[in-house]
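*Asks:* sequence unknown, structure follows:
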């Protein structure tokens, strides 16, 4: 064996440890599952949008609009009167459709009077993520097609008295959004998503940052105690194990929160510069959090922070030194990034069941989802999240304290020795 | 009745039996030494007595408390100085002593800190960060930390390990004076000459077993040896 091969073999052996491989495998699985979701959405975009139609008028332009709808969309409901509205919405909802389009009685007469025709759009939206508004984008495209064909018709029929503005903009929308059992007048799903993004997209980023910063601190702190050989002294002092564990967790949480506040100011200003502020509109449409809601988000955040840091502490007990601690932060980082991406782009309620279970199981998801859930009075999800994370935190803290009472911290018992013990017992 | 009583102590790490059933006792004010080569089981024994490791078999009683049942009570009475121990690098020597002293006496730690500073004998460097200390200074600080609370039992693992002659001598004299004031000292070393100088009684440990025990003078006489190193070689052979 040459000297070079010898060095390569030794380096590979040092680099390819379970601690290095596991985070990559977890990351691959996470992105694989996100890819699956995205793949489904691509299919959805390429499919014809599912819509319902109420056509109150039988005239040239309404017939033109109807024919375009039948050509480019999957029309699952066809009504002729506004009295059919409720039934139409229900049918579209049942068929996972995006909107009920209403062509009112004055559709053609408006155009004939040189005024834009109005099409009423009853949006049916299941979630508030950016990806949840994709079906409504398809319907927007459909309305643009109708607008284009009416313009074409107007140009064909034009005379000197035809209004040029009407030819360019012959169709206007009157939108109502039906979302999670609520009706929002004169607002589109895109506007609601934008408004929610202003209100709640900062939370997942801040939570992710706190978890990564404070979690890293806890893991490194344990690793440094071992590397600097201060842990043995600490464990022989007259101090309860639970005090050592909670002391480390609370100190990291405080420093993490402090750093997060600093970070939040920066990122907050940065994000505001890109976002459309509809906070006042939010209040009008009851899309603002009450004081109780904010308190619940705070509780959820606090418990999650404790749970997350306890998990980091448990991982920290496995760290041999500062170097190995760095690779142990990777799983926690992944667990924080995954729900952050999901909550920013999609809604928990519109996720496939397997992803729902996975997202719910990750404790960091809950404060990230809490704001949006509370905006739509989904208290069950928030309370269930708080209860789950509390149980998670209690179990992990108990595990950490147990590890502190065993030899593991000193002897560095690892998975290999545990497995060999099990084999011997058999 | 002995103050410290170790009976048939066994400690296993998985399939490896590090300590194979050792027994010894230590009386008030004694300096007791565990002597043996690397890997003989000295550190494991000390770590068990310092409440760091769980006992596989046997029993240990310190000051009338069962080690397995009352580790928290025992921690109030002992002090442990591990081999190659470190201190928190971002603290100054004084801050480190303050940090430790507050565990023993949260309300009035000043006297303990004063004693720690006196033992460490670092002059003005006591207010410098530990990170800037030499190995000898760090060890003196740690000895100060280990003895400042007047422990009833000081467990010292290789207390002069890696130190130059001057630093080592200073630490030995500190240990002796503490024992004179009533502290029981249990120390381990593979430096046989140091043990001969410090300890009133010693136990020779090899491969997890105590192979001989007694006063250094008596052991030298028994094996017609000039020093403990020679005694050890004769016993092991």
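*Replies:* Received it, and whenever you're ready, just let me know what you need. Owing to the predicted nature of the structure, the values given are computational and were not obtained by experimental measurement. Numbering: from 1, shown residues only, chains lettered A, B, ... in the order given.
*Asks:* give me the number of residues near the residue nearest to residue A:72 when sequence neighbours are not counted?
*Replies:* Computed as CB to CB, 6 or more residues apart in numbering or on different chains, the closest residue to residue A:72 that is not its neighbour in sequence is residue A:142, at 5.7 Å. The way it works is simple: take the backbone N, C-alpha and C, and place the C-beta from them, glycine included. Neighbour count for residue A:142, taken as other CB atoms under 10 Å in any protein chain shown: 23.
*Asks:* what does the stretch 151-300 of chain A have sitting close to chain B?
*Replies:* A:228-230, A:232-233, A:235-240 (CB under 8 Å from any CB of the partner chain).
*Asks:* switch the cut-off to 6 Å
*Replies:* Within the stretch 151-300 of chain A, the residues that sit near chain B (CB under 6 Å from any CB of the partner chain) are A:228-230, A:232-233, A:235-239.
*Asks:* from the residues you listed, which two are the most distant?
*Replies:* Maximum pairwise distance among those (CB to CB): 21.1 Å, between A:228 and A:238.
*Asks:* Looking at the two now, which is surrounded by more residues?
*Replies:* Neighbour tally, residue A:228 and residue A:238, criterion other CB under 10 Å: the higher count belongs to residue A:228, 17 against 14.
*Asks:* need the contact list for the more buried one.
*Replies:* Going by CB atoms under 6 Å, 6 or more residues apart in numbering or on different chains, residue A:228 touches residue B:86.
*Asks:* So residue A:210 lies in a strand, does it not?
*Replies:* No. Counting by DSSP: H, G, I helix; E, B strand; the rest coil, residue A:210 falls outside a strand, being helix.
*Asks:* At which residues are the helices of chain B located?
*Replies:* Remark: helices assigned in chain B by DSSP state H are B:42-49, B:71-75, B:93-104, B:110-120, B:135-147, B:165-180, B:192-198, B:216-222, B:228-236.
*Asks:* I meant the stretch 251-400 of chain A, not that one.
*Replies:* For the stretch 251-400 of chain A, the helices defined by DSSP state H, counting those that start in this stretch cover A:279-284, A:291-318, A:322-345, A:353-361, A:365-375, A:379-405.
*Asks:* Let me have the ones you listed in CSV, extended by mean pLDDT and mean neighbour count.
*Replies:* Converted to CSV, the helices of the stretch 251-400 of chain A look like this (pLDDT from 0 to 100; neighbours: other CB atoms under 10 Å in any protein chain shown):
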stretch, mean pLDDT, mean neighbour count
helix A:279-284, 48, 13
helix A:291-318, 88, 22
helix A:322-345, 80, 20
helix A:353-361, 89, 14
helix A:365-375, 86, 27
helix A:379-405, 93, 17
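*Asks:* how about the residues of chain B near chain A?
*Replies:* Within reach of chain A by CB under 6 Å from any CB, chain B has these residues: B:13-14, B:50, B:52-54, B:75-76, B:80, B:82, B:84-86, B:88, B:103.
*Asks:* and those residues, which are buried?
*Replies:* Neighbour-count burial (16 or more other CB atoms under 10 Å in any protein chain shown) applied to these gives B:50, B:52-53, B:75-76, B:80, B:82, B:85-86, B:88, B:103.
*Asks:* how many neighbours does the closest residue to residue A:135 other than its chain neighbours have?
*Replies:* Excluding its sequence neighbours, the residue lying closest to residue A:135 (CB to CB, 6+ apart) is residue A:98, at 3.8 Å. By other CB under 10 Å, 27 other residues sit near residue A:98.
*Asks:* Verify the stated contact: residue A:98 with residue A:134.
*Replies:* No. Between residue A:98 and residue A:134 there is no contact under CB atoms under 6 Å: 9.0 Å.
*Asks:* Run through chain B and note the low-pLDDT ranges.
*Replies:* Filtered on pLDDT under 70, chain B yields the residue ranges B:1.
*Asks:* circling back to that earlier point, may I see the helices of chain B organised as TSV, with distance to residue A:124 added?
*Replies:* Output for the helices of chain B, formatted as TSV (distance: least, CB to CB, whole Å):
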stretch	distance to residue A:124
helix B:42-49	67
helix B:71-75	63
helix B:93-104	62
helix B:110-120	71
helix B:135-147	70
helix B:165-180	80
helix B:192-198	85
helix B:216-222	92
helix B:228-236	87
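*Asks:* So what's the gap between stretch A:392-400 and the chain middle?
*Replies:* On the basis of CA atoms, centre = their mean, to the nearest Å, stretch A:392-400 sits 26 Å off its chain's mean C-alpha point.
*Asks:* now stretch A:80-90
*Replies:* On CA atoms, centre = their mean, the centre of stretch A:80-90 falls 33 Å from the chain's centre.
*Asks:* any idea of the mean pLDDT in it?
*Replies:* Computed over stretch A:80-90, the mean pLDDT rounds to 88.
*Asks:* Mind listing what's buried along that stretch?
*Replies:* Buried residues in stretch A:80-90 (16+ other CB under 10 Å): A:84-85, A:88-89.
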